[in-house]
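Participant: Using only what follows, build the 3D model:
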Amino acid sequence: MPLLPETVSRIDDLVAAAHADARVPTLVAGVVRDGAPVHVAAAGPYEPGQQFRIGSITKTMTGALVLGLRDEGRLALDDPLYRHLPGTPVGDVTLRQLLGHAGGMQREPDGDWWERNRGTDVETFLSALTAGKVAYPPLHGFHYSNLAYGLLGAVVARLGGEDWREMTTKRLLRPLSLERTTYLPEEPFARGYVVHPWLDEMREEPRLDAGAMAPAGQLWSTVEDLSRWAAFLADPDPAVLAPATVDEMCAPVVLSDLESWRSGHGLGLQLWRRGERVFVGHSGSMPGYLAVLAVHRPSRTGVVAFANAYTMHHPGGLSGFGLDLLEAVLEREPARPAPWRPGTPPPASVAALTGRWWWMGREYEASWTGDALVFTPLSKDDTPWRFEPDGPAPDRWRGRSGENDGEVLQVRRSPSGEVVALDIATFVFTRDPWPAL
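Facilitator: As a prediction, the model looks like this:
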């Protein structure tokens, strides 16, 4: 559904105003909703399909590769690193901790600043590791680490039998038709600059192959392609990665802001909270470039933005600007609820489970959605509980959402077969709001 004209005008105004103050050659932003780009706004030299370097947004794809290998049974997230990279001096840290920046790894590998120098091959990268690259004990707290993603890329290559570049192309870019997301820049692409802090002068930055550190920030992309990746994070294609796995990526592993709980990290994804909304995605930077991808999954709305300079004068930088844009869209156009449609009638054995139920004076309503039994608390504002059949037994169900996610619902019947109660994790629900003890 296209954006309202007043929303489009507001986005254009925000981009133009930010560009006027930001001191970046080009600022471009795109809005995606319900799986499709709905608006692109640009200030400065720009053409559709133009590439920018996405920096650490690359980490979201490295995370997806690791989770995909997990789903195939090739690894476990709580595997220590040494299980897949034997002999590494930092091998006690787990893959989950590396993905969530909770493993205590130092931020950068040894040697010169990798972002502005040509990278080494994986074996040279691994041979340079020392035990001193652990800055803190694991789970000491949040410590952002590019090095962690270089190590994860080495794990992906070791288990996949191909280098990280080939794995990313075959498993993510090609299936999602991200044809303009590439390892090295391909014309047309924006040149990246560092802008002098006091003079209106710019210096073009080198565009080098990060080598073994590529999984931390190598890729180039476009507004159109990154919008498709944002749409995937909002509504995953099961042929690429299971929706439940993407949900897992979005769950917090560590908070990076312990005072106000406004930011954290999941498994390869950055998390931001603004008010009652939580956004997922990642920011990115490489010399000469800034990028951000932020998605509000409940409304399937996202924003991607690029600037071809290393700094941007805006509160929170380009990341803050991207979140501002996303909030502007959501405030003006909150997601419409899905329309009601008739569903499949439940089997007779299931119909007997629907209706009103009580537990400890609290009222609940059970309804059938076509493939699941949904319990909605009526006496308090709480997330409904979704139950799906659990195995061949007709009276056993498994929770799939809310506080009873993973718990068992067991139907209790009388000797004559009538439903008399529902046992949910030992809590017995009855039709009587005040049953005898």
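Participant: how about the helices in the stretch 51-200 of the chain?
Facilitator: 58-71, 95-99, 122-127, 146-160, 164-168 (DSSP state H, counting those that start in this stretch).
Participant: For the stretch 51-200 of the chain, which residues score under the pLDDT cut-off?
Facilitator: 138-139 (pLDDT under 70).
Participant: Have a look at this structure and report its longest helix.
Facilitator: When the chain is parsed with DSSP state H, its longest helix is helix 5-22.
Participant: buried sites along that one?
Facilitator: 7, 8, 10, 11, 12, 14, 15, 18, 19, 22 (16 or more other CB atoms under 10 Å). All C-beta spots, glycine's among them, are computed from the backbone N, C-alpha and C.
Participant: Next one: the first one from residue 38, what distance?
Facilitator: To tie it back to what came earlier, the one meant is residue 7. 9 Å (CB to CB, to the nearest Å).
Participant: what sits against residue 167?
Facilitator: Neighbouring residues of residue 167 by CB atoms under 8 Å, 6 or more residues apart in numbering: 65, 156, 157, 160.
Participant: Same check on residue 200?
Facilitator: Residue 200 touches residue 23, counting by CB under 8 Å, 6+ apart.
Participant: cool, and the one 10 residues further on?
Facilitator: When contacts are counted by CB under 8 Å, 6+ apart, residue 210 touches 114, 115, 119, 216, 217, 218.
Participant: Could you rerun that using 10 Å?
Facilitator: 58, 114-120, 146, 150, 153, 183, 216-219, 286 (CB atoms under 10 Å, 6 or more residues apart in numbering).
Participant: quick one, phi/psi of residue 249?
Facilitator: Backbone torsions of residue 249, given as degrees, to the nearest 10, read phi -60, psi -30.
Participant: Now it. Nearest residue, chain neighbours left out?
Facilitator: residue 267 (4.4 Å; CB to CB, 6 or more residues apart in numbering).
Participant: Residue 302: neighbour count?
Facilitator: Burial of residue 302 is recorded as 30 neighbouring residues (other CB atoms under 10 Å).
Participant: Give me the below-cutoff pLDDT ranges for the stretch 301-437 of the chain.
Facilitator: 437.
Participant: mind listing the helices in it by residue range?
Facilitator: 317-332, 348-351.
Participant: can you put those in TSV and add mean neighbour count and distance to residue 80?
Facilitator: Shown next, in TSV, are those (neighbours: other CB atoms under 10 Å; distance: least, CB to CB, whole Å):
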stretch	mean neighbour count	distance to residue 80
helix 317-332	20	32
helix 348-351	12	45
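Participant: quick one: which of the ones you listed is nearest residue 141?
Facilitator: helix 317-332 (21.0 Å; CB to CB).
Participant: and the closest one, what other elements does it pack with?
Facilitator: In terms of contacts (3 or more CB pairs under 10 Å, 6 or more residues apart in numbering; DSSP states H and E), helix 317-332 is packed against helix 5-22, strand 27-33, strand 36-43, strand 270-274, strand 277-286, strand 289-296, strand 301-307.
Participant: what do you get if the cut-off is 7 Å, keeping everything else the same?
Facilitator: Here helix 317-332 touches helix 5-22, strand 270-274, strand 277-286, strand 289-296, strand 301-307, going by 3 or more CB pairs under 7 Å, 6 or more residues apart in numbering; DSSP states H and E.
Participant: Can you add distance to residue 197 and give these back as TSV?
Facilitator: Formatted as TSV, the helices and strands packed on helix 317-332 follow (distance: least, CB to CB, whole Å):
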stretch	distance to residue 197
helix 5-22	13
strand 270-274	27
strand 277-286	17
strand 289-296	16
strand 301-307	16
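Participant: And those: which comes nearest residue 101?
Facilitator: Per CB to CB, nearest to residue 101 of the helices and strands packed on helix 317-332: strand 270-274, 9.4 Å.
Participant: give me every residue that touches the residue nearest to residue 220 when sequence neighbours are not counted.
Facilitator: Spatial nearest neighbour of residue 220, chain neighbours left out: residue 51 (4.5 Å); criterion: CB to CB, 6+ apart. By CB atoms under 7 Å, 6 or more residues apart in numbering, the contact set of residue 51 is 180, 185, 186, 189, 190, 220, 221, 222.
Participant: And residue 152, by the same measure?
Facilitator: 62, 66, 98, 99, 215.
Participant: and if you look at residue 190?
Facilitator: 26, 50, 51, 52, 308.
Participant: Taking the residues you listed, tell me the two that lie furthest apart.
Facilitator: For the contacts of residue 190, and using CB to CB, no pair is farther apart than 26 and 51, which are 11.8 Å apart.
Participant: quick check: domain ranges of this protein?
Facilitator: Here the domain parsing of the chain from automatic domain parsing is 5-332, 348-429.
Participant: most packed of those?
Facilitator: Of all these, domain 5-332 has the most neighbours on average by mean count of other CB atoms under 10 Å, namely a mean of 19.
Participant: on that earlier part again, nearest to residue 232, of the helices of the stretch 301-437 of the chain?
Facilitator: Per CB to CB, nearest to residue 232 of those: helix 317-332, 16.8 Å.
Participant: If anything else comes up later, I'll come back, but that's it for now.
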